[in-house]
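> next one to model:
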Amino acid sequence: MSPTEQPTVPLPGETTIPLVGFGTWQATGNEGYESVRHALEVGYRHLDTATAYGNEQEVGRAIRDSGVPREEIFITTKLPPNRAGNERPTLEASLSALGTDYLDLWLIHWPPSDGLGLDTWREFIGLRNQGLVRSIGVSNYETDQLDALIQATEEAPAVNQIRWSPSLYDAKIVADHRDRGVVLEGYSPFKTSDLNDPVLTRIAEAHGVGPAQVIVRWHVDHGFVVIPKSVTPERIERNFDVFGFSLSAEELSEIDALAR
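So this is what the prediction gives:
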């Protein structure tokens with residue numbers, strides 16, 4: 001699938017985020033570099049990293065060596081909570097390591113020790129307004145924490161990246177995000193899933209795909225962003241090969257019910 005055909009959702013500031021991204025947690029060193037290179041060759045155009053992952057240089061080198069124009073790649077990285085108060089130097093270090101002069105999305109990786117990160121969020125807004133970041137968001141925030149940021153600054157995070165999968169599906173969490181204009185982005189889609197669940201295997205067989213592909217497609221058909229990760233070439237390819245089928249409303253409901 002060409003980059004222009006990949007499904008996306010809009011973010012503030014005339015930015016769009018591809019629904020299927022490539023996660024890089026634990027993908028370090030040459031293995032991390034090669035996995036990102038392969039993901040870009042396969043067609044991924046959304047890469048997710050973090051300062052805490054220790055692999056921003058490898059991700060940046062893979063982007064440069066791939067030959068894919070920077071403007072075609074959506075890059076996310078994250079500020080660790082122990083860097084609260086050092087937002088600008090952390091961002092500048094990430095930009096340098098990634099070899100870019102802007103980020104598409106910058107997230108507060110976890111709520112800082114005060115539980116909210118209001119000062120950090122205000123710094124994020126300021127750095128976004130200076131053009132160093134196109135969109136800003138958070139990760140691992142609860143709804144009441146989102147509300148606290150919104151009430152204090154009148155600015156909602158563009159994205160909240162949380163642990164998410166069919167087994168964690170919660171219609172209230174989905175509604176809470178949509179009501180606030182916050183895009184729900186899920187990580188660890190397979191770690192909390194039983195790939196041998198009979199519902200998943202039956203639906204997978206009906207579409208001629210694997211259960212992991214059904215899980216990725218479930219995210220896409222719901223409009224959730226998802227960032228499956230792997231360093232295995234075959235799995236990198238499989239996790240992206242989800243655009244040749246879609247799930248029916250009945251199949252989506254069956255998969256939603258796995259959380260009950």
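> so where's the stretch 1-150 of the chain shaky on pLDDT?
1-4, 114 (pLDDT under 70).
> now the strands for it?
Assigned by DSSP state E, counting those that start in this stretch, the stretch 1-150 of the chain shows strands spanning 8-11, 15-18, 22-23, 46-48, 74-79, 103-108, 133-139.
> how about the ones you listed in a markdown table, adding mean neighbour count and distance to Pro211?
Backbone N, C-alpha and C define where each C-beta goes, glycine included. Converted to a markdown table, the strands of the stretch 1-150 of the chain look like this (neighbours: other Cβ atoms under 10 Å; distance: least, Cβ to Cβ, whole Å):
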| stretch | mean neighbour count | distance to Pro211 |
| --- | --- | --- |
| strand 8-11 | 16 | 24 |
| strand 15-18 | 18 | 22 |
| strand 22-23 | 26 | 18 |
| strand 46-48 | 25 | 22 |
| strand 74-79 | 26 | 26 |
| strand 103-108 | 26 | 28 |
| strand 133-139 | 24 | 26 |
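> tell me which of the ones you listed lies nearest to Leu195.
Closest to Leu195 of these, according to Cβ to Cβ: strand 22-23, at 17.0 Å.
> got the contact list for that closest one?
35-36, 39, 44, 46-48, 187, 227-229, 236 (Cβ atoms under 8 Å, 6 or more residues apart in numbering).
> go again with 7 Å.
Here strand 22-23 makes contact (Cβ atoms under 7 Å, 6 or more residues apart in numbering) with 36, 39, 44, 46-48, 187, 227-229.
> cool, and stretch 203-223?
Contact with stretch 203-223 is made by 7, 9, 19-20, 165-166, 186, 189-190, 193, 195, 200-201, 226, 228, 238-239, 241-242, 245-247, 251-252, 255, as judged by Cβ under 7 Å, 6+ apart.
> again, only this time at 8 Å
Stretch 203-223 is contacted by residues 7, 9, 19-20, 164-166, 174, 186, 189-190, 193, 195-197, 200-201, 225-226, 228, 235, 238-239, 241-242, 245-247, 251-252, 254-255 when judged by Cβ under 8 Å, 6+ apart.
> now do stretch 73-82
With contact meaning Cβ under 8 Å, 6+ apart, stretch 73-82 is reached by 16-18, 21, 40, 45-52, 56, 59, 63, 87, 90-91, 94, 98, 100, 103-113, 117, 120, 124, 139.
> number of nearby residues for Arg202?
Applying other Cβ atoms under 10 Å, we find 13 residues neighbouring Arg202.
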